[in-house]
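Participant: Everything below, folded, please.
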Amino acid sequence: SNTSPPTITGTPARGEALVAGTGSWAGTTPIGFAFQWLRCDGNGANCGDITGATNTTYTLADADVGFRLRVEVTASNSDGSAFAVSDATVPITAAAGPVNTGEPLISGSPVVGQRLSATTGTWTGAQPISFAFQWVRCGPAGGLPDASNCAMIPGATANTYVLTQQDSGIRIRVKVTASNSGGSTTVASDPTAAIGGQAPVNTRRPSVTGSWVEGQTVTVNPGTWTGSAPIAFTYQWLRCNAQGGSCAGIPGARTTQYRVTAGDVGAKLRVDVTARNPSGSTTVRSTESATVAPAGPAGIIVLPSGERSIPVTSVPANHRLVVSQVQFSPNPVRSQTAPITVRVRVTDTRGYVVRSALVFARSTPLVTRAIRPTQPTATDGWVTFSMQPRFTFPQPRSGFNVQFFIKAYRAGDPPLAGVAAYRLVQVRLAG
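Facilitator: Numbers count the residues shown, from 1 in each chain. This is a model prediction of the structure:
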């Protein structure tokens, strides 16, 4: 016999599951139970069996909306069977709207440029439940509990959000709206800590521009940067090797412009650009310049000695070549048959060392023979001749000399014009 009626637990809304309890029974054991769910009118009367609903659980359907449900439990043992009916539920509603049981949470570093992530929180209600997100900016106090006085961030409707400069110094929350067939509910997360500023971040490398020639003024562009405003820049120009490495600071070169000096010739220049704001500083090295060339005519190069060498083609018509040095070895000449080495150096009237100038050398009168009487000057302006004494070479004796004629000229110039230079020199003889 039944001593307490069957029970029904669960949310009385469409899509939810109800669970039947057997109630309490007395009688010879074992006692078995069978279930039949009943659909009743709004007063809990005029009940009818729900076809196929014979389990301990029953999922509420569209047909149950507006009705009240009961469950009939039949208990059976070896002595017979009896049944009892539960109390009626309240009228079944269309669905249970979302109910928040755990607020959304925000994770991530509260610093400009970092990504925050939000959870939906935990919810009950008729399934399925969908979620929508809206990130908001709140004041230093974090806003009202429902974040109703916080400003929506346009377009920030995903479950993640990347903090921008506009967020610096404020607090961020996320509002989550849960929706199902029973309605929708919105709750807000707790606020983050105040968003910290972002140290400068370089997004386009600094670069240097200008004419990379001694005496010219060149310029650095700081590149592009992100980070909390304001951002200030400082500069340090660097002198590097020909490969752009092993750089060293140039004393006093700390502005956006720099006048190239003789000390930079043969080197490459770069700039360390340091960006600073209240959140920190970042230093980025610029691209490298071209190799710095010396000032002067086209093709000028600086020799290891510091002298400057130009091609003969860079000697203008209003200047001339100069046979600046002639050296003999041996000097004095003591042999009538041993070769004599003659070294000639060519410069121009401006003092540049001249390379690729043609030099002609011979004794006068013709008492020597050169295998190559005409040769070009080398990069350092020197050319070397080997003179072999002829049978007419005089017997060496003190107080006598052999004279040589030297001509330096440019290929293609008129024979008696152009930039040619001429010189007569003598080497001493000794007996």
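Participant: give me phi/psi at the residue sitting nearest the centre point of the chain?
Facilitator: For the chain, the residue nearest the mean C-alpha position is residue 203 (5.4 Å; Cα atoms, centre = their mean). For residue 203, the backbone dihedrals (degrees, to the nearest 10) come out as phi -110, psi -10.
Participant: Look at it and report its pLDDT.
Facilitator: For residue 203, the pLDDT comes out at 96.
Participant: One more: residue 94?
Facilitator: 81.
Participant: okay but it is in contact with residue 14, surely?
Facilitator: Yes - applying Cβ atoms under 8 Å, one finds residue 94 in contact with residue 14, separated by 5.4 Å. All C-beta spots, glycine's among them, are computed from the backbone N, C-alpha and C.
Participant: who's more crowded, those two?
Facilitator: Neighbours per residue, other Cβ atoms under 10 Å: of residue 94 and residue 14, the larger number sits with residue 14, 20 against 16.
Participant: how about that one, what does it touch?
Facilitator: Applying Cβ atoms under 8 Å, 6 or more residues apart in numbering to residue 14 gives the contacts 60-62, 64-65, 92-95, 126, 181.
Participant: If you rank those residues by neighbours, which is first?
Facilitator: When neighbours are counted by other Cβ under 10 Å, residue 60 leads the contacts of residue 14 with 26 neighbours.
Participant: Tell me how far it lies from residue 49.
Facilitator: Residue 60 is 16 Å from residue 49, where distance means Cβ to Cβ, to the nearest Å.
Participant: go on, residue 88?
Facilitator: 15 Å.
Participant: So for those two, which sits in the more crowded spot?
Facilitator: Higher neighbour count among residue 88 and residue 49: residue 88, with 20 against 12, using other Cβ under 10 Å.
Participant: Now do the contacts for that one.
Facilitator: By Cβ under 8 Å, 6+ apart, the neighbours of residue 88 are 40, 44, 68-70.
Participant: What about residue 72, how many residues nearby?
Facilitator: By other Cβ under 10 Å, 18 other residues sit near residue 72.
Participant: isn't it right up against residue 85?
Facilitator: Yes - applying Cβ under 8 Å, one finds residue 72 in contact with residue 85, separated by 4.9 Å.
Participant: okay, and the common contacts of the two?
Facilitator: Taking Cβ under 8 Å, 6+ apart as the contact rule, residue 72 and residue 85 both touch 6, 38.
Participant: thinking again about what came up before, could you export the contacts of residue 14 as a markdown table, including distance to residue 360 and secondary structure?
Facilitator: Formatted as a markdown table, the contacts of residue 14 follow (distance: Cβ to Cβ, whole Å; DSSP: H, G, I helix; E, B strand; the rest coil):
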| residue | distance to residue 360 | secondary structure |
| --- | --- | --- |
| 60 | 117 | coil |
| 61 | 117 | coil |
| 62 | 116 | helix |
| 64 | 120 | helix |
| 65 | 118 | strand |
| 92 | 120 | strand |
| 93 | 117 | strand |
| 94 | 114 | coil |
| 95 | 111 | coil |
| 126 | 109 | coil |
| 181 | 108 | coil |
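Participant: what pLDDT does the closest residue to residue 410 other than its chain neighbours get?
Facilitator: Closest residue to residue 410 apart from its sequence neighbours, by Cβ to Cβ, 6 or more residues apart in numbering: residue 312 at 4.8 Å. Here, the pLDDT recorded for residue 312 equals 98.
Participant: number of nearby residues for residue 312?
Facilitator: Neighbours of residue 312 under the rule other Cβ under 10 Å: 22.
Participant: residues in contact with it?
Facilitator: Applying Cβ under 8 Å, 6+ apart to residue 312 gives the contacts 321, 354-358, 377, 410-411, 419.
Participant: Then residue 53?
Facilitator: 35-37 are the contacts of residue 53 under Cβ under 8 Å, 6+ apart.
Participant: let's go with 6 Å and repeat that
Facilitator: Counting by Cβ atoms under 6 Å, 6 or more residues apart in numbering, residue 53 makes contact with residue 37.
Participant: which of the contacts of residue 88 sit farthest apart?
Facilitator: Spatially, the most separated pair among the contacts of residue 88 is 44 and 69, at 9.1 Å (Cβ to Cβ).
Participant: between those two, who's got more neighbours?
Facilitator: Neighbour count, other Cβ under 10 Å: between residue 44 and residue 69, residue 69 has more, with 26 against 17.
Participant: Look at the closest residue to the more buried one other than its chain neighbours and report its pLDDT.
Facilitator: Once flanking residues are discounted, residue 69 sits nearest to residue 89: 4.9 Å by Cβ to Cβ, 6+ apart. Reading off the confidence values, residue 89 has pLDDT 96.
Participant: Pairing partners for the helix or strand of the chain with the lowest mean pLDDT, with directions?
Facilitator: Ranked by mean pLDDT, DSSP states H and E, the helix or strand of the chain with the weakest confidence is strand 301-302, at a mean of 90. Applying DSSP bridges, strand 301-302 is found paired with strand 308-311 (antiparallel).
Participant: Please work out which residues outside the partner strand touch it.
Facilitator: Residues from elsewhere that reach strand 308-311, judged by Cβ under 6 Å, 6+ apart: 294, 296-297, 299-303, 352-353, 355-356, 379.
Participant: repeat that with 10 Å
Facilitator: Under the criterion Cβ atoms under 10 Å, 6 or more residues apart in numbering, residues 214, 262, 265, 294-303, 347-348, 350-357, 377-381, 410 lie in contact with strand 308-311.
Participant: May I see the PyMOL selection of the buried members of the residues you listed?
Facilitator: Selection of buried members from those for PyMOL, criterion 16 or more other Cβ atoms under 10 Å:
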select buried, resi 214+265+294+296+297+300+301+302+347+348+352+353+354+355+356+357+377+381+410
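Participant: Can you pick out the ones from the contacts of strand 308-311 that are in strands?
Facilitator: Mapping those onto strands (DSSP state E) picks out 301-302, 347-348, 353-355.
Participant: List just the nearest of those to residue 281.
Facilitator: Using Cβ to Cβ, the shortest approach to residue 281 within these belongs to residue 302, at 37.6 Å.
Participant: Make sure that closest one is actually in contact with residue 352.
Facilitator: No - Residue 302 is beyond contact range of residue 352, at 11.0 Å (criterion: Cβ atoms under 10 Å).
Participant: which neighbours do those two share?
Facilitator: Among the neighbours of residue 302, those also in contact with residue 352 (Cβ under 10 Å, 6+ apart) are 296, 308-309.
Participant: export those to a markdown table and tack on pLDDT?
Facilitator: As requested, the shared contacts of residue 302 and residue 352 are exported to a markdown table (pLDDT from 0 to 100):
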| residue | pLDDT |
| --- | --- |
| 296 | 90 |
| 308 | 93 |
| 309 | 96 |
